[in-house]
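# Sequence first, predicted model second:
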Amino acid sequence: MTLRPLLAAVLTVALVAPADAQTLPDLDRRVTRLEREVTRVSKRVLPKGEQTLIEPEIAPAAEPAKPQPPAPASAASVNELADRMSAIERRQREITAQIEEQGNRLRQVEERLAKFQPDAETRLGKLEVAAAPPPAPVAAPPSDAPALPPAKADARPKPTPKGKPASKASEVPVADTGDAAEPTPAITSPELRYKAAYALVEAKDWAKAGPALQAFIDKYPKNKLASNARYWLGRTYFKQAKYDASARTHFDNYKADPKGDRAQESLFWVGQSLMQLKKAKEACQVFDIADKVYADTLKPELKPQFAAARAKAGCS
């Protein structure tokens with residue numbers, strides 16, 4: 001609320017108009033009303049410690065019991081009213097200054113907050129990155145892993161000569177993976193390429209299945225199906241009595257991804273391959289690795305198979 005124009009007008013009337021044109025009760029009521037308004041504004045704007053009340057210097061004139069002609073204002077009364085209006089103007093200036101100062105402080109706070117917000121968001125982002133848990137380490141093969149036989153120059157499966165039956169080494173059945181799919185000459189996706197290679201495994205065409213699986217592994221070594229491909233490649237070697245290649249392929253599958261889909265089965269077949277090579281001691285070491293690495297996560301269907309293999313190998 002701006003009081004300056006109103007105060008100036010009242011003061012002008014009080015000082016310029018003839019004394020006989022004014023009455024003391026009228027002027028006193030107007031000034032008293034202005035004092036109350038300034039006091040109310042002061043209470044709303046200023047802090048409690050800085051609030052001061054402007055008390056009327058003269059009491060309002062009592063209304064006469066009966067209507068009487070208004071008495072002309074004396075020069076002393078006009079001077080007193082002028083002093084009171086000067087006090088009102090002075091208080092108005094103080095209130096205006098306080099309002100401007102508070103406005104400046106508010107603008108400064110808003111500017112600081114605008115500068116602080118981006119910096120705080122950047123710092124919080126760095127803290128969240130620093131507090132993020134590190135990725136779980138992949139289990140590495142124990143240092144006491146058995147020494148596997150060296151790989152031969154040509155470890156890929158070869159066709160079995162006619163008239164010579166394939167080896168009938170005992171196997172523990174393991175559940176197959178995926179559905180068979182007919183190989184096609186133009187295959188672009190990893191899934192179709194894997195299904196085409198696995199179809200050869202189901203057809204027991206070991207001579208073609210091995211190279212097809214090896215080609216998939218070479219092209220997609222990090223694919224989610226690579227663990228299955230390496231596992232079945234090791235099985236093709238075992239089927240062809242290439243036990244050294246089988247042991248090495250299965251152990252490489254375990255080392256490449258200990259949490260892969262067929263890492264646990266590969267460790268089992270490493271032990272089976274070593275048993276065929278008359279290396280029962282090394283086979284027991286592989287079974288010990290499986291017990292340590294997969295103590296709580298070993299697949300239920302593999303537990304009896306490992307137990308039977310340990311008994312057959314004479315593991316302690």
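Arrived safely, thanks for sending. Numbers count the residues shown, from 1 in each chain.
# Assign residue 98 to one of the three secondary structure states.
helix (DSSP: H, G, I helix; E, B strand; the rest coil).
# What's the local residue count around residue 225?
By the criterion of other Cβ atoms under 10 Å, residue 225 has 22 neighbours. Yep, even glycine has a C-beta here, placed from its N, CA and C like the rest.
# same question, the one 3 residues further on
For residue 228, the tally of surrounding residues (other Cβ under 10 Å) stands at 23.
# Go ahead and confirm it touches residue 261.
Yes. Contact between residue 228 and residue 261 holds when scored by Cβ atoms under 8 Å: they sit 5.6 Å apart.
# In the stretch 151-300 of the chain, where is pLDDT below threshold?
Along the stretch 151-300 of the chain, segments meeting pLDDT under 70 span 151-187.
# Helices along that one, start to end?
190-202, 206-219, 226-239, 243-256, 263-276, 280-293 (DSSP state H, counting those that start in this stretch).
# which residues touch the nearest residue to residue 316 once chain neighbours are set aside?
Of all residues not flanking residue 316 in the chain, residue 284 sits nearest, at 7.5 Å (Cβ to Cβ, 6 or more residues apart in numbering). Applying Cβ atoms under 8 Å, 6 or more residues apart in numbering, we find residue 284 in contact with 271, 310, 313, 314, 315, 316.
# Let's see if you can find the most crowded of the residues you listed.
Neighbour max across the contacts of residue 284 (other Cβ under 10 Å) = residue 271, 30 neighbours.
# Tell me who's in contact with that one.
283, 284, 286, 287, 309, 313.
# just checking, the first one touches residue 313?
Put plainly, it is residue 283. Yes. If you go by Cβ under 8 Å, residue 283 and residue 313 touch, sitting 4.8 Å apart.
# list the residues that contact both of those two?
Joint contacts of residue 283 and residue 313 (Cβ under 8 Å, 6+ apart) are 271, 275.
# so what's residue 231 up against?
250, 253, 261, 262, 265, 266, 269.
# which of those residues are buried?
Buried residues within the contacts of residue 231, defined by neighbour count using 16 or more other Cβ atoms under 10 Å: 250, 253, 262, 265, 266, 269.
# The last one is in contact with residue 233, isn't it?
Same thing as residue 269. No. Applying Cβ under 8 Å as the test, residue 269 and residue 233 come out as separate, 11.0 Å apart.
# about what we covered before: with the contacts of residue 231 in mind, which one is nearest to residue 238?
Residue 238 lies nearest to residue 269 out of the contacts of residue 231, by Cβ to Cβ, at 6.5 Å.
# Report the contact partners of the residue nearest to that closest one when sequence neighbours are not counted.
Distances taken as Cβ to Cβ, 6+ apart place residue 250 nearest to residue 269, at 4.6 Å, with adjacent residues excluded. Counting by Cβ under 8 Å, 6+ apart, residue 250 touches 230, 231, 234, 266, 267, 269, 270, 273.
# Now with 10 Å, please.
148, 230-231, 233-235, 237-238, 262-263, 265-273, 286 (Cβ atoms under 10 Å, 6 or more residues apart in numbering).
# ok, now residue 227?
So residue 227 contacts 177, 217, 253-254, 256-263, 265-266 (Cβ under 10 Å, 6+ apart).
# How much space separates it from residue 313?
25 Å (Cβ to Cβ, to the nearest Å).
# Turn the contacts of residue 227 into a markdown table, including distance to residue 196.
Output for the contacts of residue 227, formatted as a markdown table (distance: Cβ to Cβ, whole Å):
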| residue | distance to residue 196 |
| --- | --- |
| 177 | 14 |
| 217 | 14 |
| 253 | 20 |
| 254 | 25 |
| 256 | 22 |
| 257 | 22 |
| 258 | 27 |
| 259 | 26 |
| 260 | 21 |
| 261 | 19 |
| 262 | 18 |
| 263 | 23 |
| 265 | 22 |
| 266 | 22 |
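# Of those residues, which is the nearest to residue 115?
residue 259 (47.9 Å).
# Next, count neighbours for residue 101.
10.
# Show me how the chain divides into domains.
4-62+70-130, 190-313 (automatic domain parsing).
# buried residues in stretch 221-236?
In stretch 221-236, counting by 16+ other Cβ under 10 Å, buried: 223, 225-236.
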